Structure formats: C-alpha cells, structure tokens
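**Student:** let me see the structure of the following:
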Amino acid sequence: MRVLLVSQMYPGPKTPAFGSFVATLERELEARGHELARAVVDRTGGRGRHARLALDVVQEARRFRPEVVYAHFLVPAGLLAAIAGRAPLVVTAHGQDVENARNNRAVREATRFTVRRAHAVVVVSSWLLDRLVEVVPGAQAKSTVIDCGVDLERFSVHPPDAARAEIGWPPEGTAFVCVGSLSERKNVLGLARAFERRGEGSLAFVGDGPLRGALEGRRGIHLAGTVDHDAVPAWFAAADVVCQPSLIEPFGLSTLEGLASGRSVVATRIGGPPEFVPSDAGVLVDPTDDDALVGALDTAARLPRPNLAARRAAEAHDVRRQAERVEELLLRARRDQQA
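**Tutor:** Okay, here's the model as predicted:
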C-alpha cells in the first residue's frame, strides 16, 4: 500500500527528537511492507514552514499517487492533506491541535472540515477524544483511540549504575528524573518545590525551556539541558523514579517511556496517563496539589527498583502493536475507497 505521510513535526538533522513518535510509527509501517512518501516539517520555528508543507503535500500527492494519506495533527497538517489530495485520509489528533480548536474559532472550523473529510480519526487517549467531541461532535463516530506507542527495544530495563556512568550523573540518594521542556505546562517548578520539601535524593531535568533560570542553583537539582536523542534512554535507566506531573498531558509519552524502562513513575492524573499507569507501576497525582506531589514522590520511591510491573504495563503499548492498529485503519480506508 502506498501511504503519504503528512506531519508538521518530524525529526530533522538539527532536531532529531522533533516528532520522533511520527518517525517511529512510519518505520513500523514500512517494516510491515508498505511504501511511504512524506511531506513533513522537520524543524522548529522559521517563517513559511507551513506554506512549504502545503506545497510539499501537493507535489508529493501528484508524484507518489498515494492510495491513502496518513496525517499527524488535525490542523494544519490534516487540513492540508484534506484539501490537497483525493486519496482517503486518516488523521491523528495529538493534543495541542484539539486545544487550538477549542480556543480559536477559525481553527475550530478548519478542524471540523478536516474531520468531515477524514475517513478515520485517531486520538491518542480517551481523554483527548472527549475533548475533541466537545467541539467537533461528528468526530465521535469516526474516532479510534490508538496512542503513539513505545519502542520496547529502545526503552528497556537496564541497571542504573551503568547508565549513570554513561551520562556522568552520580546522584545522591533516590534518583528522580524528569524528561521534557522546562515550561509551565510541564509543572517543573511544582516538581522542584515538592522535591525540595521532601529533602532527600537528586532530581535531574532533561530538556530546556523558559523556566531554566528559575531552576538553576537549587540544591540537589541537576539541569542536563537538551541531550542527544540517542542519550535519552540512558537518562530513564539512570532514574529510580521518572516524573511527569504536568498540568495537562493529552497522552504522556515520557511517562510511558519511563514505564518501559522498568521505572516507577509519578504522573499527572489530568489527561492520558490514568489510562495506562496502574497503581503498582506508579502514582497519579493532582499536579496543582503540592502536598499530594510530595506524597507521590515518597510513595513512588518505595516501589520496587526496577519495577517489572511498570515494564508489563508498557508492553501493552508496544509501538509495533499500535502500528498494526493504524495499518488496519489505513487498509480499511483504501478498501472503502475502492468499493
């Protein structure tokens, strides 16, 4: 089957982690014997990138003559795919695209058009589906919950000592790790306050962002900054507990990667994590409750190390199985088009 992949996020030479989940699913679809071409944005920022994406979609659709188009994000990628091609469209909603539709009338109308044009809509969590249906009721009948999955080979259970030596981080006491942008939405200051109140261990933030300055110089806190894409699994392996107490998390890929690494997690209860974090694998927390967050860190620190229940929870979200489920939707869209 010829599939045109359209995405406004895709790894590039200078941004290997940018939309890596899209490339991972692409690789698995190719491994299942399908031929893929792509029209993607592989960089952050810059003027004209979406105009260039629109041109690429038109050119690739004409050149490649896809049997089905698979787009990531409802607007603009899904919208452009809906406008440019005649092939049936399957589109995945990831989170921010749904929030944009909720908050902006023009985006909401564009989202409704995209959903009407789509043969099928994929959403990465049931929580996100409910949010989408509130603004686009017609999405309910077309939608299937399929998350991005996790590469169980890339994120696997390893002893922490070797990983800590590899990345040069010798933590004292319980090792907490948070991977993601240093932003308000990720609640990094709330996590730092809870860690300081707890008074034991080490906390590493892997990533960068506008709140870096507010985290610098705090006792026990290590700022790793942006690390090589290949080094990310080692940071999960170095942890005793992986933390992602975001204010909102439509899915929670870092939480899932922590589980796959056999690490207990502290995750937000607002969004997707309650759908895949069982009680023996971690603690779900109200991210706005500082006292609850302190207690969650304590509870997670007492769970087994490594936590094999966490690994088992992640196995249900193997990216190969998720790619198989996406493949089923793509094949059905092609079949219905040919009928």
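
**Student:** going by C-alpha atoms from here, please, whenever you check contacts or count neighbours.
**Tutor:** Fine.

**Student:** assumed Leu331 was part of a helix.
**Tutor:** Yes - assigned with DSSP: H, G, I helix; E, B strand; the rest coil, Leu331 falls within a helix.

**Student:** gap between it and Val91?
**Tutor:** Between Leu331 and Val91 the distance is 14 Å, computed by Cα to Cα, to the nearest Å.

**Student:** compare these two (neighbour count), which wins?
**Tutor:** In terms of neighbours (other Cα atoms under 10 Å), Val91 is the more surrounded of Leu331 and Val91; the figures are 31 against 14.

**Student:** can you confirm that one is in a strand?
**Tutor:** Yes - per three-state DSSP, Val91 lies within a strand segment.

**Student:** report the beta-bridge partners for it.
**Tutor:** Val91 has the following beta-bridge partners by DSSP bridges: Ala71, Val121.

**Student:** OK, contacts around it?
**Tutor:** Val91 makes contacts with Tyr70, Ala71, His72, Phe73, Leu74, Gly78, Ala118, Ala120, Val121, Val122, as judged by Cα atoms under 8 Å, 6 or more residues apart in numbering.

**Student:** pretty sure Gln244 contacts Lys186?
**Tutor:** Yes - look at Gln244 against Lys186 with Cα atoms under 8 Å: they come within range, at 7.1 Å.

**Student:** higher neighbour count, these two?
**Tutor:** When Gln244 and Lys186 are compared on other Cα under 10 Å, the one with more neighbours turns out to be Gln244, at 28 against 21.

**Student:** confidence score at the more buried one?
**Tutor:** Each residue has a pLDDT score; the one for Gln244 is 98.

**Student:** likewise for the one 5 residues further on?
**Tutor:** pLDDT recorded at Glu249 is 98.

**Student:** next: Arg47.
**Tutor:** According to the predicted model, the pLDDT of Arg47 comes to 75.

**Student:** over to the one 3 residues further on?
**Tutor:** Residue-level confidence at His50 comes out at 87, pLDDT.

**Student:** got phi/psi on it?
**Tutor:** Main-chain dihedrals, His50, degrees, to the nearest 10: phi -80, psi -30.

**Student:** and if you look at Pro250?
**Tutor:** Comment: the main-chain dihedrals of Pro250 come out as phi -50, psi -30, following degrees, to the nearest 10.

**Student:** so who does it touch?
**Tutor:** Shown in contact with Pro250 (Cα under 8 Å, 6+ apart): His94, Gly95, Val124, Ser125, Trp127, Leu128, Ile270, Gly271, Gly272.

**Student:** can you pull the contacts of Val57?
**Tutor:** Neighbour list for Val57: Val6, Ala39, Leu80, Ala81, Ala84 [criterion: Cα under 8 Å, 6+ apart].

**Student:** for it, which three-state class applies?
**Tutor:** Put simply, Val57 is helix when judged by three-state DSSP.

**Student:** in PyMOL, how would I select the buried members of the contacts of Val91?
**Tutor:** Those of those that meet the burial criterion (16 or more other Cα atoms under 10 Å) are gathered into one PyMOL selection, given here:
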select buried, resi 70+71+72+73+74+78+118+120+121+122
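
**Student:** got a markdown table for the contacts of Val91, with pLDDT too?
**Tutor:** As requested, these are exported to a markdown table (pLDDT from 0 to 100):
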| residue | pLDDT |
| --- | --- |
| Tyr70 | 98 |
| Ala71 | 98 |
| His72 | 98 |
| Phe73 | 98 |
| Leu74 | 98 |
| Gly78 | 97 |
| Ala118 | 97 |
| Ala120 | 98 |
| Val121 | 98 |
| Val122 | 98 |
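
**Student:** will you turn the contacts of Val91 into CSV that also has distance to Gly213?
**Tutor:** CSV is the format used below for those (distance: Cα to Cα, whole Å):
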residue, distance to Gly213
Tyr70, 40
Ala71, 37
His72, 33
Phe73, 32
Leu74, 34
Gly78, 36
Ala118, 44
Ala120, 43
Val121, 40
Val122, 38
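
**Student:** for the contacts of Val91, which one is nearest Asp161?
**Tutor:** Checking the contacts of Val91 against Asp161 by Cα to Cα gives His72 as the nearest, at 37.7 Å.

**Student:** so the closest one touches Gln96, yeah?
**Tutor:** No - taking Cα under 8 Å as the contact criterion, His72 and Gln96 are not neighbours in contact, 11.6 Å apart.

**Student:** which residues in the stretch 1-150 of the chain form strands?
**Tutor:** Shown for the stretch 1-150 of the chain, the strands assigned by DSSP state E, counting those that start in this stretch span residues 2-7, 35-40, 68-72, 89-93, 120-123, 143-145.

**Student:** that's all I had, so thanks and see you.
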